[in-house]
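Novice: using only what follows, build the 3D model:
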Amino acid sequence: MGKTCAICGKPSGMYPLCREHLKMKTEGKVVKCENCGTWHLANKQCPVCSQNDEKEISFTNSKKIVAVSQKPYKKCLLCDNEVTDDFLFCKSCYFKYKDKSITVNIKNLSEFSIVDEYGNRDVKTQNGMLVRSQQEKIIYDELYSRKIRCEYETTVFYKNDKGETKTLHPDFYLPDYDLYIEHWGYENTKDPRYKEEKLFKQKIYQEQGKKIAGTTSEDIKDIKAAIDKIFFENDIKF
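Specialist: The predicted model follows:
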């Protein structure tokens, strides 16, 4: 009897692969494992090595070690949850981020951190910084053109009713003037949740004694005048 295909088990004559998988080999879709010599699909892990060997890369994510294993069972790249097959993320992270373009930072292939977990931070400003919308870009670019130092989505900490530490991320912070700017881009929405969120944020800023200014979609039509007004109302001479 002749040989059988190492991939599908069909008769392959004197060859280790059947005619179909020999063709896939020439196309680079079937490869031979450099470690054990087992033939397997190029987009799959070696079935032998994946069971016998486990190679791990450790990433630091919120002081946790995330193990990326070559075994069929491995860890999600973003958390400690277990994933199977060829997926890089667990179901929880998938459904959390599937409609977003999150930003992560990998340093020296050993340190891993999520730079941005809110997603869709993919609009580039004049100086190359990424923001979430064209309207935010217009505001940031106007401040940048005036050589105003501006931090994007800096963190503000506060305590909720249960005493838990929570965070807010105002759109812009001008450190030289200790002034926060929130862009209320959905000011005209009929969704009551947005207005509730706006009032909640304003309450937190007021309780912490922070100077806060706001812009709306209407201000984008003449952003220079809107920024001039903010500076005037906050006694900022420019």
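Novice: low pLDDT regions in the protein?
Specialist: 1-2, 49-74, 80, 84-86, 99-120, 238 (pLDDT under 70).
Novice: next secondary structure element downstream of the longest helix seen in the chain?
Specialist: Longest helix of the chain, by residue count under DSSP state H: helix 192-207. Sequence order places strand 211-216 as the next helix or strand after helix 192-207, per DSSP states H and E.
Novice: other SSEs contacting the longest helix of the chain?
Specialist: strand 156-159, strand 179-184, strand 211-216 (3 or more Cβ pairs under 8 Å, 6 or more residues apart in numbering; DSSP states H and E). From N, CA and C alone the C-beta is placed, and that goes for glycine too.
Novice: mind listing what's buried in stretch 145-161?
Specialist: Ile148, Cys150, Tyr152, Glu153, Val156 (16 or more other Cβ atoms under 10 Å).
Novice: with stretch 224-231 instead?
Specialist: Buried-residue list, stretch 224-231, by 16+ other Cβ under 10 Å: Ala226, Ile227, Ile230, Phe231.
Novice: now that stretch: how far from the chain's centre is it?
Specialist: Counting by Cα atoms, centre = their mean, to the nearest Å, stretch 224-231 is centred 32 Å from the centre of its parent chain.
Novice: give the contact list for the closest residue to Glu20 other than its chain neighbours.
Specialist: Counting by Cβ to Cβ, 6 or more residues apart in numbering, Cys8 is the residue found nearest to Glu20 once chain neighbours are left out, at 7.6 Å. When contacts are counted by Cβ atoms under 8 Å, 6 or more residues apart in numbering, Cys8 is found next to Cys18, Glu20, His21.
Novice: could you dump the residues you listed into JSON lines with secondary structure and distance to Ser133 added?
Specialist: Output for these, formatted as JSON lines (DSSP: H, G, I helix; E, B strand; the rest coil; distance: Cβ to Cβ, whole Å):
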{"residue": "Cys18", "secondary structure": "coil", "distance to Ser133": "54"}
{"residue": "Glu20", "secondary structure": "helix", "distance to Ser133": "50"}
{"residue": "His21", "secondary structure": "helix", "distance to Ser133": "49"}
